[in-house]
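Colleague: Just need the structure, nothing else, for what follows:
(3 chains)
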Amino acid sequence: MTDTFATTTRPPSGPAPRRARGGFRPVRSIAKHALLILCALVMLYPVLWMVVSSLRPNDVIFRDPSLLLNDLETGNYAEGWTAFADPFSVYLVNSSIVVLGAIVGNLVSCSMAAYAFARLEFTAKRWWFAIMLLTIMLPIHVIIVPQYVLFAQLGWVNTFLPLIVPKLLATDAFFVFLMVQFIRGVPIELDEAARIDGAGHPRIFAQIILPLMVPALAATAIFTFIWTWNDFFSQLIYLTDPDIYTVPLALRAFVDAQAGTNWGDALAMSVVSLVPIFLVFLFGQRFLLRGIATTGGK
Amino acid sequence: MQRRLILKGLGASAVALPGLAACGTAGGGDVELSDEPVTIRMTWWGADTRAELTNQAIAAFEKEHPNITVKGEFKDWAGYWDALATTTAANDSPDVIQMDELYLASYGDRGTLLDLADTSEYLDTSGFEAATLETGKIDGAQYAIPIGAGMLASVVNADLFAQYGVELPDDTTWTWDDYAAIANELTEKSGGAINGSGLTGGTDAGSVRYWARLHGNELYSEDGEVTLDPAVLAALWEYNLGLVESGGVESAAQSVESQSAGIEGGSLATGKIAMGFGYNTQITPLLAASGADLRLLQLPGNAEAAANFIKPSMYWAVSSQSEHPAEAATLIDFLVNHEAAADILGTERGIPANPAMREHVAADLDEGGRLAVDYIETAVAGPPVAVTPNGGSGFDPMVQRYTQEVMFGERTPQEAAEAFIDELKSEIDAAA
Amino acid sequence: MSATTELRSLGRQGSTAKRQNKVAFWFLLPWFVGLFAITLGPMVASLFLSFTDYNLLQPAEFNGLENFTRMLGDERLHRSLGVTFTYVLVSVPVQLGLALALAVVLDRGVRGLAFYRSMFYLPSLLGASVAIAVLWRMVFGADGLFNEGLGLLGIEGRGWISEPETALGTLITLNVWTFGSPMVIFLAGLRQIPRVYYEAASVDGASRGRQFLSVTLPLLTPIIFFNLVLQIIHAFQSFTQAFIVSGGTGGPADSTLFYTLYLYQRGFGNFDMGYASALAWLLLLIVGAFTAVNFWASKYWVFYND
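Modeller: This is a model prediction of the structure:
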């Protein structure tokens, strides 16, 4: 690693170890930041609106798209939290269990499958890979009934198992494919060097490949978190007892188009449910950037 | 361990197909209360208030019947039907089901609901009027018990009438021509700040049925045929097109927005229109969301024709897959016939369809509830309408689609009416 | 180790390639179990059901190719295909282009990188939140914020999500706006590029633009390829956004009737699951064909390191 050299040549990628780059082109820098901030505001508006609206009385929410808060209504949070038989924390915990199970499952099973597809030779590999991609091409709506029958016969309905076990079994081809592409980006010479040292595949996988694909693993963990946290349909179908409802089920249950919806409560709890995923992204993103540039290439 | 899982899984999926195909009807045979403790599942759609009240009612029921445990499940409207279809398909449906008029025949005709005549020992229906019970019958089988009664109404915003100096109409005499004139006047006097009215039909089955009955027509016949006359439906759209043109009714785009915004975000609640159609029981959320002086008036033309009708807001039904039909029926009996339950549930699911309970809750109603009860007692109802036939569950989105095509000028009313009726007929034929 | 695992050369390896079936089996074991125990059964079941009149509540009866011949005359299906193809062909390239551009910008030494990244990712976090539908009406409705903005510029607005001509375009915009996921994958991919390549390039005196074209872009092609393939697959199955914004109808006047939304309406709204299953398999054929073409074309532009 030639850090000094890298700094002078300003590589487009890299850990950016020196933040201060001297006073070059301040105008351009300001313009760039102004543009980025403007974009960020556009991106941020919906979230800000949600937060502001969650602090409004019900009859103002639909009339005011602005972000100015006239009368503060914090009661929505207290009311929303206790709107159902269980406090909202129960749903947060349930969602967390499902999410953690799904993350562990995806990280372990998808990385193993990806290693096989990226680095090993085996019979009919192309066909297995094609089959894997095919499995994510059918919409869930035609799969759900047969799948429900299957899980009902296993006695898994109304538990978290139908939501977690498939992840432990690498059914999410998205992440397998993602990891395959990343592993193939790792120079094969590294494997070969390890092999000369007498390492077998399990060791190459664990000690060479896994550390080098931290960004892909981080992306997998973050996406699994967010997508599972927001997933509605399968949780709706498999979880029947309100005590094990997850956040999306509780949030939807606020809405009743016929008898009326307490939007203040619904928005307040939407904000609450955003906090965990935002924090996860905020702290998880640093792992996205631990590329080969920082950890490998010795 | 993992290998066993494969075998087990494969075995299960091999049985899955016959399981799918033979979604049987387990219950019905011996309807008797069990001596053993029994757990039954009950499911409904609705928001937090309904969940809270229903759970209280369940607790009261369990106190009276220590042998029976009830597991309540609540879902949002769309998710509710997806989950109910899936669990029913897998022969795993809840025992007690909250049912809607649109879906009653779809489930009843296909043998997934129990004929409650089989459980009459536990569920007493003698307190209901025959016409009310009829709305839960299909081909003579009592598949469901109406919970609440609702009736289509003109909802007017008296504050906006006052603000723009328009006189409130006399709803015992007003006609559709009067309605149009008032709508146009409101728009004019407000200088375009509001529109007089929202669409007066074509957004749901109720409004179409009312319009048809005014014209001596019916949407469906008793034996489940589509009898709607295309010319009648076309006239409904012509009427609205004319009013959109003159400004009395809000624009097509605004109607779409209002419709997808739900009660609270709709044009009526946000004060963008002064008159609209709604069910009398929706007055409570409308009042809360609008903060305005809203009134329920008879529909235009109704005083003369008595074309309006009572629509059960929802029903209780028992799944034919239930292993405990007697306990399920006992629960429904408690919910619709017992004052203890009525005290808790109030009018949250609509004005109770059981007259004794209606009277019982009438004593302490909130403002919305009082308006709703007053309305249903003064409005003139004609004979009941036929239940939506099997295959008609998609009526509302279908009619909305055609209404939008007409309002956005993609089809003429006559063309659209014919195409709509063809499509509706083919849906119903396909399901039969 | 001579196993050059060029994906397209898989399955027809030369005589030098030694199969590693045994070790591969162990690595793939969880996936195999999932495939055979969980995934394949329901897939085969849906294929079977696509040749039946299955209505969810009654036993399915075989009806031959009826579901497939019915597709020929199904106008709503044709409409939904039009909507979906428009959506895929417009939103995927635009979203990926934007994601790549921002990933490249945000990968460089901009102050407050983590902050910007988080901001740009925020919309993607919102998912299918109930608040979103409300919000879009507030923004893109006839009386919405967007029109107020246009009004300041003297432009007359319209009901962007409630008029058939503009509803799909608005949905595409909303989709582009959630470019966070491909952006994050691009960012991770950029970090995966060994720096020695840049060092070599700058020794040769390559400008930054030149470096981007000759180093970054080629080495990022596996990731671009991944995003392209998966975004196309996802876009064809796009459901939630249209469901939320139109309340499940695909309205106004079917202008946002996405393929899977129509399939869902048939299957669950009309208990027409046999037909819905047939629709699903047609979709699989279409998406499969797109994916196959993608893989075929990839040999001309995707560069692998191994």
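Colleague: mind checking the SS state of B:Gly196?
Modeller: Using DSSP: H, G, I helix; E, B strand; the rest coil, the secondary structure recorded for B:Gly196 is strand.
Colleague: wait, it sits on B:Lys189?
Modeller: No: B:Gly196 sits out of contact with B:Lys189 when judged by Cβ atoms under 8 Å, with a separation of 9.2 Å. Backbone N, C-alpha and C define where each C-beta goes, glycine included.
Colleague: More neighbours: those two, which one.
Modeller: More crowded of B:Gly196 and B:Lys189, by other Cβ atoms under 10 Å in any protein chain shown: B:Gly196, with 30 against 17.
Colleague: Setting the sequence-adjacent residues aside, check what's closest to that one.
Modeller: B:Ala183 (3.0 Å; Cβ to Cβ, 6 or more residues apart in numbering or on different chains).
Colleague: can you pull the buried residues of whichever strand or helix holds the one you found?
Modeller: In this structure, B:Ala183 sits in helix B:176-189 according to DSSP states H and E. By neighbour count on 16 or more other Cβ atoms under 10 Å in any protein chain shown, the buried set for helix B:176-189 is B:Trp176, B:Tyr179, B:Ala180, B:Ile182, B:Ala183, B:Asn184, B:Glu185, B:Leu186, B:Thr187, B:Lys189.
Colleague: cool, and stretch A:119-132?
Modeller: For stretch A:119-132, burial by neighbour count (16+ other Cβ under 10 Å) applies to A:Arg119, A:Leu120, A:Glu121, A:Phe122, A:Lys125, A:Trp128, A:Phe129, A:Met132.
Colleague: starting at the chain centroid, how far to that stretch?
Modeller: Distance of stretch A:119-132 from its chain centroid, counting by Cα atoms, centre = their mean, to the nearest Å, is 27 Å.
Colleague: B:Thr54 is in contact with B:Ala341, isn't it?
Modeller: No: counting by Cβ under 8 Å, no contact exists between B:Thr54 and B:Ala341, whose distance comes to 9.7 Å.
Colleague: Include distance to C:Ile185, pLDDT and secondary structure when you put the buried residues of stretch A:119-132 into JSON lines, please.
Modeller: Conversion of the buried residues of stretch A:119-132 to JSON lines gives the following (distance: Cβ to Cβ, whole Å; pLDDT from 0 to 100; DSSP: H, G, I helix; E, B strand; the rest coil):
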{"residue": "A:Arg119", "distance to C:Ile185": "21", "pLDDT": "93", "secondary structure": "helix"}
{"residue": "A:Leu120", "distance to C:Ile185": "24", "pLDDT": "94", "secondary structure": "coil"}
{"residue": "A:Glu121", "distance to C:Ile185": "27", "pLDDT": "92", "secondary structure": "coil"}
{"residue": "A:Phe122", "distance to C:Ile185": "27", "pLDDT": "93", "secondary structure": "coil"}
{"residue": "A:Lys125", "distance to C:Ile185": "24", "pLDDT": "93", "secondary structure": "helix"}
{"residue": "A:Trp128", "distance to C:Ile185": "23", "pLDDT": "95", "secondary structure": "helix"}
{"residue": "A:Phe129", "distance to C:Ile185": "19", "pLDDT": "95", "secondary structure": "helix"}
{"residue": "A:Met132", "distance to C:Ile185": "18", "pLDDT": "95", "secondary structure": "helix"}
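Colleague: would you turn the residues you listed into JSON lines with distance to chain C?
Modeller: Compiled in JSON lines, the buried residues of stretch A:119-132 are given as follows (distance: Cβ to the nearest Cβ, whole Å):
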{"residue": "A:Arg119", "distance to chain C": "6"}
{"residue": "A:Leu120", "distance to chain C": "4"}
{"residue": "A:Glu121", "distance to chain C": "5"}
{"residue": "A:Phe122", "distance to chain C": "4"}
{"residue": "A:Lys125", "distance to chain C": "4"}
{"residue": "A:Trp128", "distance to chain C": "8"}
{"residue": "A:Phe129", "distance to chain C": "7"}
{"residue": "A:Met132", "distance to chain C": "7"}
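Colleague: What values do phi and psi take at the residue of the stretch 51-200 of chain A found nearest chain B?
Modeller: Sorted by distance to chain B under Cβ to the nearest Cβ, the residues of the stretch 51-200 of chain A start with A:Ala83, at 3.9 Å. Dihedral angles of A:Ala83 (phi, psi; degrees, to the nearest 10) stand at phi -70, psi -30.
Colleague: How about it: what's its closest non-neighbour residue?
Modeller: The spatially closest residue to A:Ala83, leaving aside those adjacent along the chain, is B:Asp48, at 3.9 Å (Cβ to Cβ, 6+ apart).
Colleague: How about B:Asp115?
Modeller: B:Ala141 (4.2 Å).
Colleague: How many residues are close by that neighbour?
Modeller: Taking other Cβ under 10 Å as the criterion, the count of residues near B:Ala141 is 16.
Colleague: Let me see the backbone angles for it.
Modeller: Dihedral angles phi and psi of B:Ala141 (degrees, to the nearest 10) take the values phi -90, psi 130.
Colleague: Let me see the contact set for it.
Modeller: B:Ala141 is in contact with B:Gly108, B:Asp115, B:Ala117, counting by Cβ atoms under 8 Å, 6 or more residues apart in numbering or on different chains.
Colleague: returning to what we had before: from what I see, the residue nearest to A:Ala83 and A:Asp86 are in contact.
Modeller: No: contact between B:Asp48 and A:Asp86 fails when scored by Cβ under 8 Å: they sit 11.4 Å apart.
Colleague: Neighbour count: those two, which is higher?
Modeller: Under the neighbour definition other Cβ under 10 Å, B:Asp48 and A:Asp86 were set side by side, and B:Asp48 has more, 23 against 16.
Colleague: residues touching the more buried one, list them.
Modeller: Neighbour list for B:Asp48: A:Ala83, A:Phe84, A:Ala253, A:Phe254, A:Asn262, A:Asp265 [criterion: Cβ under 8 Å, 6+ apart].
Colleague: A:Val142 too?
Modeller: With contacts defined as Cβ under 8 Å, 6+ apart, A:Val142 is in contact with C:Ser46, C:Leu49, C:Leu263, C:Gly267, C:Met273, C:Ala276, C:Ser277, C:Leu279, C:Ala280.
Colleague: could I get the residues you listed as TSV with pLDDT?
Modeller: Putting the contacts of A:Val142 into TSV (pLDDT from 0 to 100) gives the following:
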residue	pLDDT
C:Ser46	95
C:Leu49	95
C:Leu263	96
C:Gly267	94
C:Met273	95
C:Ala276	96
C:Ser277	96
C:Leu279	97
C:Ala280	97
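Colleague: which one of those residues has the most neighbours?
Modeller: For the contacts of A:Val142, the largest number of neighbours (other Cβ under 10 Å) sits with C:Ser277, at 31 neighbours.
Colleague: residue contacts, that one?
Modeller: With Cβ under 8 Å, 6+ apart as the criterion, the residues that contact C:Ser277 are A:Val142, C:Ser46, C:Leu47, C:Leu49, C:Ser50, C:Tyr54, C:Asn67, C:Gly267.
Colleague: List the buried residues for the strand or helix carrying it?
Modeller: Following DSSP H and E, one finds C:Ser277 within helix C:273-301. Of the residues in helix C:273-301, C:273-284, C:286-288, C:290-291, C:295, C:298 count as buried by neighbour count, 16+ other Cβ under 10 Å.
Colleague: For burial, what's the neighbour tally of the residue of the stretch 301-432 of chain B found nearest chain A?
Modeller: When you check the stretch 301-432 of chain B against chain A by Cβ to the nearest Cβ, the closest residue turns out to be B:Glu348, at 7.0 Å. Each residue near B:Glu348 was counted by other Cβ under 10 Å, and the total is 19.
Colleague: Per-residue pLDDT of it, please?
Modeller: Model confidence at B:Glu348, expressed as pLDDT, equals 87.
Colleague: Thank you, goodbye.
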